[in-house]
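[1] Generate coordinates for the sequence data below:
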Amino acid sequence: MTRFKYSYNAIVYYQEDIARGIERVAKFGYDAIELVGEPAQHDPGRIRSLTANNGVTVSSICSIWSGAERDLVHPDATNRQSAVDYGKAVVDFAAEVGASTVIVGPSPVGKVAALADPEQEWAWAVENVAAIGEHAAGVGVEITLEPWNRYETYFLNRLEQAVSLVEETGLANAGVHGDLFHMNIEELSIPQAFRRAGSLVNHVHLADSTRAAPGTGHIDFAAVLKALDEIGFSGHLTFELLPAASDPFAMMARGGHLEFLDPYTEQSIERLKDVEKELWPDA
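    You can find the predicted model right below:
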């Protein structure tokens, strides 16, 4: 038995029918799958049936925060409301498929400069994250704020910033999300960042420094797991792996990601299980 629960983000399975991804994670011993946050592309009833038949669950929803209409801090109130509505729709989808957690990005990926006064943007973020979180509380779902690296956003880059935002919302069902790929760029120490965030860490994305499977880069996964164990992390460790390209989805459309399917899905969980055995041989 492993010390942690493992999940795999279906983002690199997007050209396949979701049934194939669910079967794949079950085959390689995962506890769950993380779904892409596009509710219109999924049939919740079919997802529930597929996961039940394969003995896995849906861990979380990887919301796709991109474009002005999914910008919680946009100067245009119409866009901010559209973003809130999107967040609530993803929360409802999570509840329908039994996922516990929804990822929230206050400012969309690819937006690298503010469009309004920083204090005003922060106030909008607090207000609109709270609106999504309150809706989530009503359906038994928690949210998690994910910082991204400086090349993808200017807004939240480090866990401590996400902690401050969560605390200002006053939400009891919100936490922060650590993605090792982004943290490797922005944090002085990944383990220490997790320790400082403590019990607010409610979701984690795993990837090596290459954004590929563990073992392809230089991240010290043993140090990361030790830190997560110390803070009592009980969520899913979810592998979010993407090809090394400025536009990974264009590369995937060309078929340049086949190792991210069966090979990396298997390699990722096997490597982390080995790390667990090294750390806790008597478990």
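[2] shaky segments in this structure?
    Within the chain, no range satisfies pLDDT under 70.
[3] For it, just list every one of the helices.
    Listed in chain order, the helices of the chain (DSSP state H) span 18-27, 44-54, 77-97, 118-138, 159-169, 180-186, 190-197, 221-230, 248-253, 262-279.
[4] Other residues contacting stretch 165-176?
    Residues outside stretch 165-176 that contact it (C-beta atoms under 8 Å, 6 or more residues apart in numbering) are 106, 122, 125-126, 129-130, 133-134, 136-137, 141-147, 156, 159, 162-163, 197, 200-203. For every residue, glycine as well, the C-beta is placed using N, CA and C.
[5] Could you do stretch 12-27 as well?
    Against stretch 12-27 from outside (C-beta under 8 Å, 6+ apart): 7-8, 10, 32-33, 35-36, 42, 47, 50-51, 54-56, 241-243, 249, 252-253, 257, 260-262, 265.
[6] again, 7 Å this time
    8, 10, 33, 36, 42, 47, 50-51, 54-56, 241-242, 252, 257, 260-262, 265 (C-beta atoms under 7 Å, 6 or more residues apart in numbering).
[7] now swap in stretch 229-242 and tell me
    Contacts with stretch 229-242, where a contact means C-beta under 7 Å, 6+ apart, come from 3-9, 11-12, 31-32, 34, 59-60, 101, 179, 194-195, 198-199, 201-207, 211-213, 248, 260, 264, 268, 272.
[8] and if you look at stretch 39-50?
    Contacts of stretch 39-50 with the rest of the structure, by C-beta under 7 Å, 6+ apart, involve Ile18, Ala19, Ile22, Leu35, Val58, Ala89, Val90, Phe93, Glu96, Val97, Gly98.
[9] List the buried residues of that stretch.
    Across stretch 39-50, burial judged by 16 or more other C-beta atoms under 10 Å covers Pro39, His42, Pro44, Ile47, Leu50.
[10] Over to stretch 221-235?
    Phe221, Ala223, Val224, Leu225, Lys226, Ala227, Leu228, Ile231, Phe233, Gly235.
[11] Pick the one among the residues you listed closest to Met183.
    Ranked by distance to Met183 (C-beta to C-beta), the buried residues of stretch 221-235 are led by Val224 at 9.0 Å.
[12] ok, so what distance separates the closest one from Ala40?
    Separation of Val224 from Ala40 (C-beta to C-beta, to the nearest Å): 35 Å.
[13] Then Val56?
    23 Å.
[14] Contact partners for Ser63?
    Per C-beta under 7 Å, 6+ apart, neighbours of Ser63: Gly37, Gly87, Val90, Val102, Ile103, Val104.
[15] Tell me what the first one is bridged to.
    Under the criterion DSSP bridges, Gly37 forms beta bridges with Ser63.
[16] for Ser234, phi and psi?
    Torsion angles at Ser234 (phi, psi; degrees, to the nearest 10) stand at phi -130, psi 10.
[17] List just the nearest of the buried residues of stretch 221-235 to Glu186.
    Nearest member of the buried residues of stretch 221-235 to Glu186, counting by C-beta to C-beta, is Val224, at 14.9 Å.
[18] Buried ones from the contacts of stretch 229-242, can you make that a PyMOL selection?
    Restricted to buried positions by 16+ other C-beta under 10 Å, the PyMOL selection for the contacts of stretch 229-242 reads:
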select buried, resi 3+4+5+6+7+8+9+11+12+31+32+34+59+60+101+179+194+201+202+203+204+205+206+207+211+212+213+248+260+264+268+272
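[19] Among the contacts of stretch 229-242, which ones are in strands?
    5-9, 32, 34, 59-60, 101, 179, 201-206 (DSSP state E).
[20] I'd like to know how far Arg80 sits from Thr57.
    According to C-beta to C-beta, Arg80 stands 32 Å off from Thr57.
[21] CSV please, covering the contacts of stretch 39-50 and showing neighbour count and distance to Ile185.
    Shown next, in CSV, are the contacts of stretch 39-50 (neighbours: other C-beta atoms under 10 Å; distance: C-beta to C-beta, whole Å):
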residue, neighbour count, distance to Ile185
Ile18, 20, 31
Ala19, 14, 35
Ile22, 25, 31
Leu35, 29, 26
Val58, 27, 29
Ala89, 16, 30
Val90, 28, 26
Phe93, 24, 30
Glu96, 17, 35
Val97, 21, 32
Gly98, 17, 33
